[in-house]
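Chemist: Everything below, folded, please.
(chains A and B)
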Amino acid sequence: MSAEQTEQQIPVTDTPFEVGGRTLRSRLILGTGGFKRLETLAEAIRATRAELVTIALRRIDPAARGSLTDVLEECGVELLPNTAGCFTARDAVVTAKLAREAFETDWVKLEVIGDDRTLLPDAPELLLAAEELVDDGFTVLPYTNDDPILARRLEDIGCAAVMPLGSPIGSGMGIRNPYNISLIVERANVPVILDAGVGTASDAALAMELGCDGVLCASAIARAHDPVAMAHAIRAAVEAGRLARGAGRIPRRLHAEASTPDEGLADLTPPVQ
Amino acid sequence: MIFVNGEPRERAGATIAELLADLGVEDRARGVAVAVDGEVVPRAQWNERRVTEGERVEALSAMQGGAA
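Modeler: Coordinates of the predicted model:
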């Protein structure tokens, strides 16, 4: 059975994934960091069917081989510049403005990091930067802690989505506090995109089962032993988790509950000798 | 003396476009952005804006990046 046939057989209509006034077909956003070869990145993009990929700005390297922007253009993806590596609101705001110049987009994945060891967001700086960028007309997608209150504050400021972490960037530890992700989802009026922490397909499925609208994934795919196979796996997991969320899971219970009825059970007791 | 991406250069008085050419960046290259002393220099000013003594130029381009 081909992939196309399988798709046609899923009789489910999903609501569109709308972020910042744009409708995306794919609920998986790919981070381009960590791929050793541009060819592998291009194959992984096709496998994920992502329409939106993150990129960074760094000092021009005259010795760099191959053009990342050419490869991404060939793949037909939209760019989501990040502010990776920024530790202050000011640096993040200037970086976002540079990205707007470079890539002609006012979308930004806003990251303001607290320290090198955890790469966790610096909440006060993040709020400052988000406010300034929203005021300047940016479509801001902030990488945030799994903190429902902070997520609400970012939404109130005017961010187009909130992107809580499952666990620290690149840790592959999955979703350490699913209850907080649920609380963020329950309250949010903007899309919730799980960002950071995905280690393998089941983590992405869980994010979607918890009600996230999308998943951003980089390291889990780029650093997998076979990045392209993992790209397929995580794409399928996002779709499976989305379907399961819509289908409505059964409640958890402590004791067993048979799915086979007791009525009409045969009497197989041997006669008493 | 000015600084381009942290490297000292005897190029005071050069325009942004000339400094980009030094780095092998063609005119109007996509995916390139420039800051001088921490302020963005819009593309439209690259041919006019001259870098003066002591200024720090950051010439940036697209790089693979997921998070942080």
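Chemist: List, one by one, the residues from chain B near chain A.
Modeler: B:5-6, B:23-25, B:30-35, B:38-40, B:42-43, B:58-68 (CB under 8 Å from any CB of the partner chain). Glycine gets a C-beta too; all of them are placed from N, C-alpha and C.
Chemist: what do you get if the cut-off is 10 Å, keeping everything else the same?
Modeler: B:4-7, B:20, B:22-25, B:29-35, B:38-44, B:58-68 (CB under 10 Å from any CB of the partner chain).
Chemist: ok, of the residues you listed, which come out buried?
Modeler: With neighbours counted by 16 or more other CB atoms under 10 Å in any protein chain shown, the residues of chain B next to chain A contain buried members at B:4-5, B:20, B:23, B:25, B:29, B:31-35, B:40-41, B:43, B:58-68.
Chemist: Tell me where chain B has helices.
Modeler: Per DSSP state H, chain B carries helices over the ranges B:16-22.
Chemist: pLDDT below threshold where in it?
Modeler: Within chain B, the segments meeting pLDDT under 70 span B:27-29, B:67-68.
Chemist: Direction included, what does the longest strand anywhere in chain B pair up with?
Modeler: The longest strand of chain B (DSSP state E) is strand B:56-64. Sheet pairing for strand B:56-64, assigned by DSSP bridges, gives strand A:52-59 (antiparallel), strand B:2-4 (parallel), strand B:32-36 (antiparallel).
Chemist: Can I take it that residue A:216 is in a strand?
Modeler: Yes. Counting by DSSP: H, G, I helix; E, B strand; the rest coil, residue A:216 falls inside a strand.
Chemist: Check the burial of it by counting its neighbours.
Modeler: 29 (other CB atoms under 10 Å in any protein chain shown).
Chemist: Would you mind confirming that it is in contact with residue A:191?
Modeler: No. With contact defined as CB atoms under 10 Å, residue A:216 does not reach residue A:191; the gap is 11.3 Å.
Chemist: joint contacts of those two?
Modeler: A:141, A:163 (CB atoms under 10 Å, 6 or more residues apart in numbering or on different chains).
Chemist: gap between the residue nearest the centre of chain B and residue B:52?
Modeler: In chain B, the centroid-proximal residue (CA atoms, centre = their mean) is residue B:59; its distance is 3.7 Å. Look at residue B:59 and residue B:52: by CB to CB, to the nearest Å, they are 16 Å apart.
Chemist: Just the endpoints, please. Distance across stretch A:73-81?
Modeler: End-to-end distance for stretch A:73-81, by CA to CA, to the nearest Å: 14 Å.
Chemist: what is the mean pLDDT for it?
Modeler: Taken as a whole, stretch A:73-81 has a mean pLDDT of 93.
Chemist: buried sites along it?
Modeler: A:75, A:77, A:79-81.
Chemist: what's the offset of that stretch from the middle of its chain?
Modeler: 16 Å (CA atoms, centre = their mean, to the nearest Å).
Chemist: right, is that stretch up against chain B?
Modeler: Yes. Judged by CB under 10 Å from any CB, stretch A:73-81 and chain B are in contact via A:73, A:79, A:81.
Chemist: how about TSV for these, with secondary structure and distance to residue A:46 added?
Modeler: Below are the residues of stretch A:73-81 next to chain B laid out as TSV (DSSP: H, G, I helix; E, B strand; the rest coil; distance: CB to CB, whole Å):
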residue	secondary structure	distance to residue A:46
A:73	helix	14
A:79	strand	17
A:81	strand	22
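Chemist: Which member of these is positioned nearest residue B:48?
Modeler: For these, the closest approach to residue B:48 (CB to CB) belongs to residue A:81, at 25.8 Å.
Chemist: isn't the closest one right next to residue A:55, touching?
Modeler: Yes. Judged on CB under 10 Å, residue A:81 makes contact with residue A:55 at a distance of 5.8 Å.
Chemist: Identify the contacts common to the two.
Modeler: In contact with both residue A:81 and residue A:55: A:99, A:102-103, A:109, B:31, B:62, B:65, using CB under 10 Å, 6+ apart.
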